[in-house]
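> predicted model and sequence below, questions to follow.
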Amino acid sequence: MKNDRRARIKEEADRLANSFVLAGALPVETDSLLPADVLLDLYGEDIRARAFVTHDPMLGEQMLRPDFTVPIVQRHMAEGAEPARYTYNGSVWRKQMGGRSTEFTQVGYELFDRTDPAAADAEVFSLFAGMLAPYGLKVSTGDMSVLLAAVDGLQTTDRRRAALRRHVWRPERFVKLLERFGGLSAVPEARAALLAEVAAVGAEGVVAVASAQQGLRSEAEVLARIAVLQEDAQADAISREEVAMVEAVLALKGTSSDVLAKLRDMAVNFAPLQASADAMEDRLMALAARRVNVDDLPFAVSFGRTNMEYYDGFVFGFTAENRPDLPVVASGGRYDALTRVLGQGRSIAAVGGVIRPEVLVAVQEGVV
């Protein structure tokens, strides 16, 4: 029975991959064992925590491939030409909870093309939507660049903007930081006590009377960190109006057309949102040209914030609404910043997505 199901999953994976080939993608493969020291930091916190890592005496720290996108981007930035479309079909490995398999299949499609980002987003989304249309899945979309633009436009220090950006993918931590930077919540007691002590005896004095050194930080690094905390404590609070604006951005939810109208209204009083609104309008026009009903297409700014950390623009997902026990069937989005990191400053506009054939088979069969 298990072999029969594996055969069914392989058949489904091959069918999906063939559909991507027919859409113009070049089939590619990557190594199953990847250099962890280079690639692990590029994944989100969720995937990093679930990667299988081992140490090879010759190669150093290695990990079993947790997904295909990062190694494919690395390969493309080293040797690819534009425009390029790739597809892949193979196993990935992640630690799991709840008895789910640690090895599963991913079939994906990646598009590298800087000529028209809106058209590229529309191409990838409409391709996935068309392939998955027969299964009655719930569709979700969002755009990480909207919230990132709101953060970048705040009248505050570079350090505070960087901290908020870093925690965009951790919703609770993000809100706590925003409220603290806006003076709406108290500084943590331990930090307040440290700053009071520094004010009384100086940073060097605090270090001098501290207990024996623990951990990996040197004395110079500890002093530098104290200086950062002092600088932050002296910074002006983010205005109540800007805090409210970010909270309003986080709450944007509805149909794509409705959200665009609300975003346009917000951009009147907060200019940094204007570029995101323009990009969203371009994308909706491109989607409509591909016969996607954007008036009914769900959109939420907060969608994808917990598990899509290398995406920095348009994001999408397909789930089985009547099967909450199942993982996401398909997901994807834009990841321009990832290409910049792997291209050592040279970036290429990139968007892609992945389908899990095991989950699609479970949807079809009504079994986990």
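Now that the structure is in, tell me what you want to look at. Residues are numbered from 1 along each chain as shown.
> in stretch 114-122, what counts as buried?
117-122 (16 or more other CB atoms under 10 Å). Bear in mind the C-beta positions are built from the backbone N, C-alpha and C, glycine included.
> where's Ala224 relative to Thr306, distance?
Using CB to CB, to the nearest Å, Ala224 is found at 32 Å from Thr306.
> swap in Trp169?
For Trp169, the distance to Thr306 - CB to CB - is 7 Å.
> between the two, which one's more packed in?
A direct count of neighbours by other CB atoms under 10 Å for Trp169 and Thr306 places Trp169 higher, at 20 against 13.
> mind saving the C-alpha coords of the top helix by length along the chain as CSV?
Secondary structure assigned by DSSP state H gives helix 2-22 as the longest helix of the chain. Taking C-alpha atoms only, helix 2-22 is exported to CSV below (Å, rounded to 0.1, in the frame of the first residue of the first chain):
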residue,chain,number,x,y,z
LYS,A,2,2.8,2.4,0.9
ASN,A,3,4.6,1.6,-2.3
ASP,A,4,1.4,2.2,-4.3
ARG,A,5,1.0,5.6,-2.7
ARG,A,6,4.6,6.5,-3.3
ALA,A,7,4.1,5.6,-7.0
ARG,A,8,1.0,7.9,-7.0
ILE,A,9,3.0,10.7,-5.5
LYS,A,10,5.8,10.2,-8.0
GLU,A,11,3.3,10.2,-10.9
GLU,A,12,1.8,13.4,-9.6
ALA,A,13,5.2,15.0,-9.2
ASP,A,14,6.3,14.1,-12.7
ARG,A,15,3.0,15.4,-14.1
LEU,A,16,3.5,18.8,-12.3
ALA,A,17,7.1,19.0,-13.4
ASN,A,18,6.1,18.3,-17.0
SER,A,19,3.5,21.1,-16.9
PHE,A,20,6.3,23.5,-15.8
VAL,A,21,8.5,22.2,-18.7
LEU,A,22,5.6,22.9,-21.1
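> count of neighbours near Arg305?
With other CB under 10 Å as criterion, Arg305 counts 21.
> which pLDDT value goes with Ala200?
We have a pLDDT of 68 for Ala200.
> next: the one 3 residues further on.
Ala203 carries a pLDDT score of 68 in this model.
> quick check, nearest of the buried residues of stretch 114-122 to Thr102?
In terms of CB to CB, no member of those lies closer to Thr102 than Asp121, at 32.0 Å.
> please identify the helix or strand for that closest one.
In this structure, Asp121 is located in helix 117-132 according to DSSP states H and E.
> ok, Phe316 next?
strand 314-319.
> which stretches in the protein count as strands?
26-27, 33-35, 53-56, 60-64, 84-93, 103-112, 138-143, 253-255, 298-300, 314-319, 330-334, 350-355 (DSSP state E).
> what separation do you get for the closest residue to Val243 other than its chain neighbours and Arg173?
Closest residue to Val243 apart from its sequence neighbours, by CB to CB, 6 or more residues apart in numbering: Gly182 at 3.9 Å. With the distance defined as CB to CB, Gly182 ends up 15 Å from Arg173.
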